[in-house]
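>>> What follows is a predicted protein model with its sequence.
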Amino acid sequence: MELELSRLIDALPGLVWTALPDGRTEFINRRWCEYTGLSLDQALGDGWHCAIHPEDRARLLERWRSFLDSGQPGEVEARLQRHDGEYRRFLFSAAPFTDSSGQLVKWCGINTDIEEQLKAEERARTAVFEEALKVSEAELRQAHAHFTVAQQLSATGSFVSDLVADEHIWSDEFYRICEFEPGSAVTIQKLRDTVHPEDRQLFDGVIEHGIAGHGVDFEFRIVTPHGDLKYLRAAARVSKHVAGRPVFMGAVQDVTEGKLAEQSVKAHEAELRRAHDHLSEAQRLSRTGSFTADLLRDEHIWSDEFYRICEFEPGSAVTIQKLGEIVHPEDLPFFEGAIARALAGTDPEFVFRIVTSQGVVKHLRGVAHRIERITDRPMFIGAVQDVTASKVAEEALNKARAELTHVARVMTLGALTASIAHEVNQPLSGIITNATTCMRMLDTDPPNLDGARATVQRTLRDGNRASEVIQRLRAMFARKQPTTEPVDLNEAAREVLALSSSELQGCRAILRTDFAAGLPTVNGDRVQLQQVILNLIVNAADAMKDVDDRPRDLLVTSAREGTDRVRFSVRDAGVGIDPHRLPKLFEAFYTTKSHGMGIGLSISRSIIESHKGRLWASANDGPGATFYFSMPCHSETATFEQVLKEA
């Protein structure tokens, strides 16, 4: 949006500029630079002073300071040097730009070339007024002809008028301007009939003022017989008196072109103001601030919303160093990396936190795009969005998901408690038996030391087995934050199958495994991935518990998928999946079990997707279904910190 506004300003038919509240120029359009021959760098700040004529400079700066002190709009004439060295007279117009609270934000201005207009007025005044004092009415007619060409060039008509007698002499150019029949009698009433209705009261007042013998200067509009609207500027002075009546000489100039150009500029200014207001409101609603940055010179233009987000004083100078001072210490490398990439000419994207002056931590996400180069310096336009609310919501969602995962894990493992107790009971029974046998062997005479040593070794073996079962159970029940590490899916699956062996035997499942040799590790949370494997195995067992007409085959496999991924699958010979239910299978709280909660597969998919993987299911060609998940190999998986750093 700001780029479009800049292009629009450059297209305006005038020399447009803006200045800070202290008067230092912050923007000058392309036409200004082309006219003066000064570069943007030379003209900004107070550099434009050198283009003002030395004799006019002090007066102009004094008037400019009076505008700044009063905060009111104003105009002043001064000569401005063209790129070829010629000075031309310009009208410098300035107006304050305030925000919604009435606070002065900047000054807006336009310089209008009035050289030809002033020359025309000077010629007309000199030609008409001075000659009127020297010659008679007849001589004026002759002099009038000499000025016809000049009047045509300047769109200025002259006249001699006796307002009291309503007798007038109008020049040819006056007839052309008003589109009257050349040489026809034009009375005050006939002229008044062409005056725009809104300007007739002004016209009547000027005529009364003239009849009273006073000079007049005024502007008014007319509507010609052909329907054209024209803006006229008129001036008249008393040249002599005839029979006690004042006789006026004056000029009327057609200033329509200049007025329309002025109105166009004002309309564009109003449109720019509306566009700026709309942009500011959109930024406020979306919590997005925009900026334009010259990184090498460390000069930047920040939007109002940017100041609000960072809690800086509105309009204050914000350098890269000042912005870096509020960046969270842990995120400084990411911030500095984004600046370095931008200086290298790359469009940066960045994510970092800031700590405001009030101690509030905010999460910011931004992007910048190079728009042009000025003297080989990269210029960027960009946006920064306050994503704190969504970040907090995301963290809350992750916490809730972790809580739900833990609940599901506990509920699932609760069902396996009896089986695990059986697994632990077997090594404990072996320990007792071996200990009893060892005692008998030691009690013989002589003691059977070799046999006793063998029973002790079996006791140690059974003790270690019981310890391993308990450790795995505690690990899966542990309420720990997810941690990433290289995980061997084959090993993780074997541990889950060991814990599930009793339940699988109880449902008479025939377990077969086909684990790929040399399977690459994946990067992830071991306990979470085991939870997914356990959930798929338990679901497969449940799907086959009512199958009596065929073997309850359960096939667990692992394999490489391409060059950079690993695939794991669980295939059962159960009741299968209705194809119409496949799209809903992984939705939260959707279940096909009479005793199910409908959260196991939903949580499993969330876990796999958080590991940059994919979980899906398909119906088998024969009975049953197969569930798959695929993940990147360890070498291709990036940690969160790496992803954030790359961003």
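Everything's here; your move. Residues are numbered from 1 along each chain as shown.
>>> V487 pairs with what?
V522 (DSSP bridges).
>>> To what extent is it buried, counted in neighbours?
22 (other C-beta atoms under 10 Å). All C-beta spots, glycine's among them, are computed from the backbone N, C-alpha and C.
>>> can you pull the contacts of it?
Counting by C-beta atoms under 8 Å, 6 or more residues apart in numbering, V487 touches T521, V522, N523, G524, D525, R526, L529.
>>> In the stretch 1-150 of the chain, mark out all the strands, start to finish.
15-19, 25-28, 74-81, 87-98, 104-113 (DSSP state E, counting those that start in this stretch).
>>> all strands for the stretch 301-450 of the chain, in order.
Under DSSP E, counting those that start in this stretch, the stretch 301-450 of the chain gives strands at 349-355, 361-374, 377-386.
>>> Tabulate those (JSON lines), appending mean pLDDT, distance to R567 and mean neighbour count.
JSON lines is the format used below for the strands of the stretch 301-450 of the chain (pLDDT from 0 to 100; distance: least, C-beta to C-beta, whole Å; neighbours: other C-beta atoms under 10 Å):
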{"stretch": "strand 349-355", "mean pLDDT": "85", "distance to R567": "32", "mean neighbour count": "19"}
{"stretch": "strand 361-374", "mean pLDDT": "80", "distance to R567": "34", "mean neighbour count": "16"}
{"stretch": "strand 377-386", "mean pLDDT": "81", "distance to R567": "38", "mean neighbour count": "19"}
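>>> Of these, which is nearest V392?
For V392, the closest of these is strand 361-374, at 8.2 Å, according to C-beta to C-beta.
>>> Which strands or helices does that closest one pack on?
Other helices and strands packing on strand 361-374, by 3 or more C-beta pairs under 8 Å, 6 or more residues apart in numbering; DSSP states H and E, are strand 288-294, strand 349-355, strand 377-386, helix 388-415.
>>> Next, count neighbours for the closest residue to I339 other than its chain neighbours.
The spatially closest residue to I339, leaving aside those adjacent along the chain, is I320, at 6.3 Å (C-beta to C-beta, 6 or more residues apart in numbering). I320: 14 surrounding residues under other C-beta under 10 Å.
>>> I320 contacts L295, doesn't it?
Yes - counting by C-beta atoms under 8 Å, L295 is a contact partner of I320 at 7.1 Å.
>>> Can you work out which residues contact both of the two?
In terms of C-beta under 8 Å, 6+ apart, I320 and L295 are both contacted by the residues I339.
>>> What distance do you get for the residue nearest to I339 to D298?
In this view, I320 and D298 are 6 Å apart by C-beta to C-beta, to the nearest Å.
>>> Ok, R123 next?
Counting by C-beta to C-beta, the gap from R123 to D298 is 52 Å.
>>> Please apply the same query to G244.
75 Å.
>>> Identify all residues paired with L364 through a beta bridge.
Going by DSSP bridges, L364 is paired in beta bridges with F352, D386.
>>> Can you give me the domain boundaries for this structure?
2-113, 118-254, 287-386, 413-481, 482-647 (automatic domain parsing).
>>> Which of those domains sits closest to K266?
Taking those one by one with C-beta to C-beta, domain 2-113 is closest: 9.2 Å.
>>> Return the distance of the closest one from the chain's centre.
30 Å (C-alpha atoms, centre = their mean, to the nearest Å).
>>> for E485, what are its contacts?
E485 makes contact with N523, G524, D525, R526 under the criterion C-beta under 8 Å, 6+ apart.
>>> gap between the second one and A493?
Using C-beta to C-beta, one obtains 14 Å as the distance from G524 to A493.
>>> which one of the two has more residues nearby?
G524 (27 against 23).
>>> pretty sure that one is in contact with L489, am I right?
No - using C-beta under 8 Å, G524 makes no contact with L489, being 9.4 Å away.
>>> The closest residue to Q385 other than its chain neighbours: how many residues sit nearby?
Excluding the flanking residues, the one nearest Q385 by C-beta to C-beta, 6+ apart is T288, at 4.5 Å. T288: 20 surrounding residues under other C-beta under 10 Å.
>>> begin at 139 from here
OK, 139 is where the count begins now, so the last one is T426.
>>> I'd guessed T426 sits against L502; true?
No - using C-beta under 8 Å, T426 is not in contact with L502; the gap is 10.2 Å.
>>> overlap in contacts of these two?
Both T426 and L502 are in contact with V522, Q523, D524, where contact means C-beta under 8 Å, 6+ apart.
>>> And for P770, the neighbour number?
Neighbours of P770 (other C-beta under 10 Å): 19.
>>> That one contacts R752, correct?
No - counting by C-beta under 8 Å, P770 stays clear of R752, with 10.3 Å between them.
>>> Would you format the strands of the stretch 139-288 of the chain as TSV with distance to P717 and mean pLDDT included?
Output for these, formatted as TSV (distance: least, C-beta to C-beta, whole Å; pLDDT from 0 to 100):
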stretch	distance to P717	mean pLDDT
strand 153-157	65	90
strand 163-166	64	90
strand 212-219	79	92
strand 225-236	65	91
strand 242-251	63	90
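>>> Of all those, which one comes closest to G396?
The closest of the strands of the stretch 139-288 of the chain to G396 is strand 242-251. By C-beta to C-beta, the value is 7.9 Å.
>>> Just the buried residues of that closest one, please?
V243, W245, C246, G247, I248, N249, T250, D251 (16 or more other C-beta atoms under 10 Å).
>>> So for the closest residue to the fifth one other than its chain neighbours, what's the pLDDT?
Here the nearest residue to I248 in space, its sequence neighbours aside, is G152; by C-beta to C-beta, 6+ apart that works out to 4.6 Å. The predicted local confidence for G152 comes out at a pLDDT of 75.
>>> Wait, G152 touches C246, no?
No - applying C-beta under 8 Å, one finds G152 not in contact with C246, separated by 11.6 Å.
>>> before we move on, what SS does Y369 have?
Three-state assignment for Y369 (DSSP: H, G, I helix; E, B strand; the rest coil): strand.
>>> Which residues are in contact with it?
Contact analysis of Y369 by C-beta under 8 Å, 6+ apart lists E357, F358, R359, D392, V393, T394, G396, K397, L398.
>>> To what extent is the third one buried, counted in neighbours?
Residue neighbour count, defined by other C-beta under 10 Å, stands at 18 for R359.
>>> ok, now which ones touch it?
Contacts of R359 (C-beta under 8 Å, 6+ apart): V333, H334, E336, D337, L367, K368, Y369, L370.
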